[in-house]
Every structure is written in C-alpha cells, then in structure tokens.
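[1] here is my input; please provide its structure:
(chains A and B)
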Amino acid sequence: MELTSSAAIWGLIFGMCLLNFGLRFLPLAVLTRLAIPRPLMRWLSYMPIAVMGALVATEVMIPALNAAFAVETSETQNLATTALYLNPGIYGALSAMLTYYFTKSFIGGTLAGVVVFALVQLLIT
Amino acid sequence: MVFLDTIRNNVEMKQFFAGLRSGFPIFLGYLPVGLAYGILACNYGFTPLQAVLASALALSGVGQFVALTTLVLSESVAASVLASTIVNLRYILFSATLSPHLQGLKYRTLAWIGFSTTDEAFAINSAEIRELRASPSSMMGVGAIGWIGWIFGTTLGTVGAQFLGDLSAFGIYFAMPAMYAALFVALASNRKQVYCGLIAALIALTLYGLTRLGLGLEIYWFTVITALVAATIAVLIFKDSDDSVPTEAACAEEEVH
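    The predicted structure is shown next:
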C-alpha cells in the first residue's frame, strides 16, 4: 500500500481539527447570543427525528439492499425477501425500539439490538 | 477536558455524570468503528500517534474515513480537509438545533459542547432535551464519553487489531444502528414527530433508489439532504402548536428539580 508522507498527514490532522471545530462551534457561538425566530425553532425541532429516521433507514436497509442487488435477482420478490425478511438489521432495529419503548434505557435498547442482530445473522447464514 | 472547570457545583457535577451515563451507548458504538479507523489509518501510513491524534482532535467518524480515502486517492491535503468538511456540514445543523437550549453560556462551555457534538451525541442530547432531562453539564458529559470511546477505539485499532480477528460475527457493528433505532423511539414524542421521522426514512430510501438508477450522490449526503427536506415538509404541513417546540422555560424549570 502506498504510504502517505508525514507532512501531509500532519496537515490533514490539523486541517480537519480546525475546520470541524469551526463548523460546530461558530453556529453555537452566534446563535446562543441571538433570539431565534419561532419558524426557525419549529424547523429545528423536527431536525433530530428527521436525522434519526434517515440514519435508521439507511443503516438498516442499505447494506441489505446492496447485498440483495449484488445477488442475481430476476424476480422482485427475491429482492424483497432478502432485503426485508432475511435482513438481520430489521430484527435488530425492532428489538432495540421495543426494548427502549418498554425500558426507556438506551444501553438496554442498544444491547438488545446487537444481540438480536447477531442471533438472526447466525440463523440466516 | 480543560473545559471541566466550568462545572462549578455539585448539581452540575451530578448532571455531568448523568451525561456520561446517558452517553455510554455512544462509547460502545464507537469502539468498533474507532477500531476500524485505527487499523485503516495505520495501513495508510499514519503512525499510531497520528491516528489517535486525528481521532482526538477531529472527532468525526465518517469525516475521518472520507478524509483518509481522499488523501490516499488525491494526495492533496486541501482536498482531503475539504472532503471531510463537506461531509460534516451537518454539524452546522446540529449546533444550530442545540443553540436555543444553550443560551448565554460561556464560550468555553460552548467550545466543548460544540467540539464534542457528533451524530450520536446530538441524538442523545436531543432526546434528553425532549424529556426535559438535558442541561449544559449533562451535554458536556455526553460529549466527553463519546470522545473517550472514539479515542479508545482508535487506540485499540492501532495497537491490537491483528490479534482481535473479525468482530462482525458478534454483531458489534450493529451497535450504532441499534442506538439510532432506540433514539428514534425516544424522539417520537408526538404524532407529528413520528410522521416527520417516517417521511425522512422514505426520502432516504428514495435517494438510495435514485442512486441505483444512476444519480451520482455519495451516501454521506443522504442524512443532510433528507433532514433538510423532511423538516421543511413537516413545518409546511403541520400546524404550529406548542407541543412541537420544547420551550426553554420548560427546560429551565426541569433543571431546578
């Protein structure tokens, strides 16, 4: 594998550090000193659930969909079977959601998701 | 952690430790991903010190991977930093979303909360704000435990990767998606929120469908585009009412209890 020069690596490390910090700190520094208009507040209030919806959908479905497309599928039914019923992510995510719903514990939900995911993966393969 | 001296009293210390506890799933989720980063960075010519410093200073999962790949492909520091910045544009969104709940704090406190804001810390903090359990000190704790997990994972990757073998059989890579799923439920406090989340999921999968059809869009763009579009749709189709915005008054009241 091609080794990258040490100077370039240091440049990358400090460049990333500065820009990532700027992205996260500047909006806080400015917006915590200003009154935020209500329409903007409403818009922002939907942001967390929208981010989670996008992340869960992509993390659970895209690996399975990629796998399903990778296998030669002439019938759409095969695609659905592979991406939905044979997708350990679906069972893992549902277990995490139910566990959180009943226990209100993030760590419980996370562990339940991981365990169920691993078990289903084991059963399917 | 120099920012810890902004924690002035026992109540704030307790909140900080509560934040460390709430953020523990982040710690777990970051271990395997940090480990993968450590291995990869060392393969690409980073020394272990450089890999760990990159994680400690940037604290940006996808951004770091993208920067690494770009550096190897383009050998251009500017291009790599730019790539990681573009991927991380969503942090602007996160910081802006948290800012109503951080009014009037010292810049030092904001610096740490801002620095340690990741997708996962943002999600936990948002859920805690909704449950009226969040405070600036708890957010500092949530950020700190994630930061520690990310550094720890990267360190493990740089030193012991070859001895650990393949961890995927244990489902460890599902820790983050599982946490997102639990967080989705935590954030689904009313029907409008649930619909907004489902709209987002649909948009994200539609984007995936479009890339299958030839749309040239990298997967790390999905979250940003989806969140912007879904939140805009939600604001336009749902009526304004008090339950959609957790008020600062409610949060402040909770901190007293």
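[2] now do the nearest residue to residue B:74 once chain neighbours are set aside against residue B:66, distance only.
    Spatial nearest neighbour of residue B:74, excluding adjacent residues (C-beta to C-beta, 6 or more residues apart in numbering or on different chains): residue B:80 at 6.9 Å. (Glycine included, C-beta is placed from N, CA and C.) Residue B:80 is 8 Å from residue B:66, where distance means C-beta to C-beta, to the nearest Å.
[3] compare the two and say which is more crowded by neighbours.
    For residue B:80 versus residue B:66, the count of surrounding residues by other C-beta atoms under 10 Å in any protein chain shown is larger for residue B:80: 26 against 20.
[4] what residues of stretch B:48-66 count as buried?
    With burial defined by 16 or more other C-beta atoms under 10 Å in any protein chain shown, the residues of stretch B:48-66 counted as buried are B:50-66.
[5] CA-only coordinates of that stretch in CSV, if you can.
    Extracted C-alpha coordinates of stretch B:48-66, given in CSV (Å, rounded to 0.1, in the frame of the first residue of the first chain):
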residue,chain,number,x,y,z
PRO,B,48,-0.3,5.1,15.9
LEU,B,49,0.2,8.6,17.5
GLN,B,50,-1.0,10.3,14.3
ALA,B,51,-4.1,8.0,14.1
VAL,B,52,-5.0,8.6,17.7
LEU,B,53,-4.4,12.4,17.5
ALA,B,54,-6.6,12.6,14.3
SER,B,55,-9.4,10.9,16.3
ALA,B,56,-8.9,13.0,19.4
LEU,B,57,-8.7,16.3,17.5
ALA,B,58,-11.3,15.8,14.7
LEU,B,59,-13.8,13.5,16.5
SER,B,60,-15.6,12.9,13.2
GLY,B,61,-16.4,9.3,12.2
VAL,B,62,-17.4,9.5,8.6
GLY,B,63,-15.4,12.7,8.0
GLN,B,64,-12.2,11.0,9.1
PHE,B,65,-12.8,8.0,6.9
VAL,B,66,-13.6,10.2,3.9
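[6] max-length helix in the chain?
    Going with chain A. As assigned by DSSP state H, the longest helix anywhere in chain A is helix A:6-31.
[7] my question was about chain B, not that one.
    Max-length helix for chain B by DSSP H is helix B:136-164.
[8] counting contacts, what elements does that one pack onto?
    Under the contact definition 3 or more C-beta pairs under 8 Å, 6 or more residues apart in numbering or on different chains; DSSP states H and E, helix B:136-164 sits against helix B:10-22, helix B:24-43, helix B:48-58, helix B:107-115, helix B:119-130.
[9] and these: which comes nearest residue B:90?
    For these, proximity to residue B:90 was assessed by C-beta to C-beta; helix B:119-130 is nearest, at 7.6 Å.
[10] buried ones in that closest one?
    Of the residues in helix B:119-130, those buried (16+ other C-beta under 10 Å) are B:119, B:120, B:121, B:122, B:123, B:124, B:125, B:126, B:127, B:128, B:129, B:130.
[11] now the residues you listed as JSON lines including pLDDT and distance to residue B:136?
    Output for the buried residues of helix B:119-130, formatted as JSON lines (pLDDT from 0 to 100; distance: C-beta to C-beta, whole Å):
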{"residue": "B:119", "pLDDT": "85", "distance to residue B:136": "20"}
{"residue": "B:120", "pLDDT": "87", "distance to residue B:136": "18"}
{"residue": "B:121", "pLDDT": "92", "distance to residue B:136": "13"}
{"residue": "B:122", "pLDDT": "91", "distance to residue B:136": "15"}
{"residue": "B:123", "pLDDT": "88", "distance to residue B:136": "17"}
{"residue": "B:124", "pLDDT": "91", "distance to residue B:136": "14"}
{"residue": "B:125", "pLDDT": "93", "distance to residue B:136": "10"}
{"residue": "B:126", "pLDDT": "90", "distance to residue B:136": "14"}
{"residue": "B:127", "pLDDT": "89", "distance to residue B:136": "16"}
{"residue": "B:128", "pLDDT": "90", "distance to residue B:136": "12"}
{"residue": "B:129", "pLDDT": "90", "distance to residue B:136": "11"}
{"residue": "B:130", "pLDDT": "85", "distance to residue B:136": "16"}
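[12] show me which of those neighbour chain A.
    When the buried residues of helix B:119-130 are checked against chain A using C-beta under 8 Å from any C-beta of the partner chain, the ones in range are B:119, B:122, B:123, B:124, B:126, B:127, B:130.
[13] the third one against residue A:53, yeah?
    No - assessed by C-beta atoms under 8 Å, residue B:123 is found out of contact with residue A:53, at 11.4 Å.
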